[in-house]
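>>> Provided below are the primary sequence and the corresponding predicted coordinates.
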Amino acid sequence: MDAELLLITLLASLALLLGWIFGRRGRFRQGGDTSATGMSADYYRGLNYLLEENQDKAIEVFIRMLEVDSDTVETHFALGSLFRRRGEVDRAIRIHQNLIARPNLNRSQRHQALFALAEDYMRAGLLDRAESLFLELTDVRAYMRMALGRLITIYEQQKDWEQAILMARKLELASGQPQYERAAQYYCELTDQALNAGDLRQARRYLKRAEMFDRRNVRAALLRSRLMRKEGNAKAAIRSLRKALENDVSLALELLPSLYRLFLEIGQPEGFAAVLQDMQRISENAVSQIALAAIVDPDINDPEAEACIAQYLRGAPGLKGFSELVELLTGEPPESSETGMQPLRHALQRFLEASPKYRCNECGFTAKHLLWQCPSCKSWNTTRPHYEIALPTVPQYPTSGIDINR
């Protein structure tokens, strides 16, 4: 239901509830009690605002009239939730703070109000206040799992990875759901921080824990390769990258350029060709992955990679528009010779450089760089290389008389 329609429905229900409460209480009032007249005036004023579609003023009047008791507490919660959804967090906070201050709330209602207020604070960006309330709710069985999940989100935003690890472990104990992949990512974050600070000893400690939680973690293999390079062990760095490639061949775009440079560093370029041959034996998509990696990084100068590029450019169905454009400019199909393939390769390289190279498999968020946590859906390790090469067909114009050098 649309938030605006929901608000109108809720206000109408609130007006009916107040009318019922007012009528019930009015029957028991003694003659001469002026409070009934005041309440009646407020009630009709609120109804008038509602009929005039002045919802904000109607809300203020009804909330002022609505005492917190067993008949109205759920209405307060519904209004607070609606205000939060509409982005009116200040109003939601006032409602939930007012609820918590009431002495007649039972324990369950108070816990519900605390959780709602913590959600308000979190939505408003008041993370320290939200954290305090969620920590209190971790001792309440009914809210323990939800509170731990929210605390993990807060600590991720604050990049407090140690606390995030602690909450992930508690959540695993409380829910029985494994959190080892998440914990491995947190230790990878700590490893990355240690490497950036030049603390290789601490980096080794964190990395060992990351690998303990998730032995097939590609990011951990990449970080180990980086650590080995800092320690001057290029061969060990190569082994780590090859392990990462075996664990997730879809990251070839990210891994192959580094592998190529490492093989050159140790004077064994033939080792890189052997890696490419192994890829083609174990993956049916290896040719396109190798080709795209070599097109994006033209420094990769390897015969096996060049062969994959030629095969990919000739066979990829999405490249028809590129091929026709090159033929329009050069006067000959690019597939007719290796020389003719170069303009197509350069055109594709420029296109790929300007396009998002990665996409989250969970929500579809695209980025130009590999992100281990998706900024949109907050999932870990779901972003992978992705290219959509689908160009419109170039109209067939006569090519005679076109001077492409002019």
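Cool, the structure landed.
>>> Show me the helices in the stretch 101-250 of the chain, by range?
For the stretch 101-250 of the chain, the helices defined by DSSP state H, counting those that start in this stretch cover 107-124, 127-137, 144-158, 161-175, 180-196, 200-213, 218-230, 234-247.
>>> Pro375: which of those helices is closest?
Closest to Pro375 of these is helix 144-158 (Cβ to Cβ; 11.1 Å). C-beta coordinates here come from the backbone N, C-alpha and C atoms, glycine included.
>>> which helices and strands sit right next to that closest one?
Contacts defined by 3 or more Cβ pairs under 8 Å, 6 or more residues apart in numbering; DSSP states H and E place helix 144-158 against helix 107-124, helix 127-137, helix 161-175.
>>> would you list those in a markdown table and tack on mean pLDDT, distance to Leu255 and mean neighbour count?
Listed next are the helices and strands packed on helix 144-158 as a markdown table, based on pLDDT from 0 to 100; distance: least, Cβ to Cβ, whole Å; neighbours: other Cβ atoms under 10 Å:
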| stretch | mean pLDDT | distance to Leu255 | mean neighbour count |
| --- | --- | --- | --- |
| helix 107-124 | 96 | 37 | 19 |
| helix 127-137 | 97 | 36 | 18 |
| helix 161-175 | 96 | 25 | 18 |
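>>> nearest to Tyr143, of those helices?
Across these, closest to Tyr143 is helix 127-137 (Cβ to Cβ), at 4.3 Å.
>>> and the angle from whatever helix or strand Leu264 lives in to helix 218-230?
Assigned by DSSP states H and E, Leu264 falls within helix 252-265. Here the directions of helix 252-265 and helix 218-230 differ by 20 degrees (axes from the mean of the first three to the mean of the last three Cα atoms, to 10 degrees).
>>> Counting neighbours, which bits of helix 252-265 end up buried?
Residues of helix 252-265 classed as buried by neighbour count (16 or more other Cβ atoms under 10 Å): Ala252, Leu253, Glu254, Leu255, Leu256, Pro257, Ser258, Leu259, Tyr260, Leu262, Phe263, Leu264.
>>> Show me where the stretch 301-406 of the chain has its helices.
For the stretch 301-406 of the chain, applying DSSP H, counting those that start in this stretch gives helices covering 303-315, 320-330, 338-354.
>>> Which of these has the lowest mean pLDDT?
Of all those, the minimum mean pLDDT falls on helix 320-330 (a mean of 56).
>>> hang on, the earlier thing: what would the helices and strands packed on helix 144-158 look like in a markdown table with distance to Ala197?
Shown next, in a markdown table, are the helices and strands packed on helix 144-158 (distance: least, Cβ to Cβ, whole Å):
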| stretch | distance to Ala197 |
| --- | --- |
| helix 107-124 | 30 |
| helix 127-137 | 25 |
| helix 161-175 | 14 |
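>>> Tell me which of the ones you listed lies nearest to Glu181.
Taking these one by one with Cβ to Cβ, helix 161-175 is closest: 9.8 Å.
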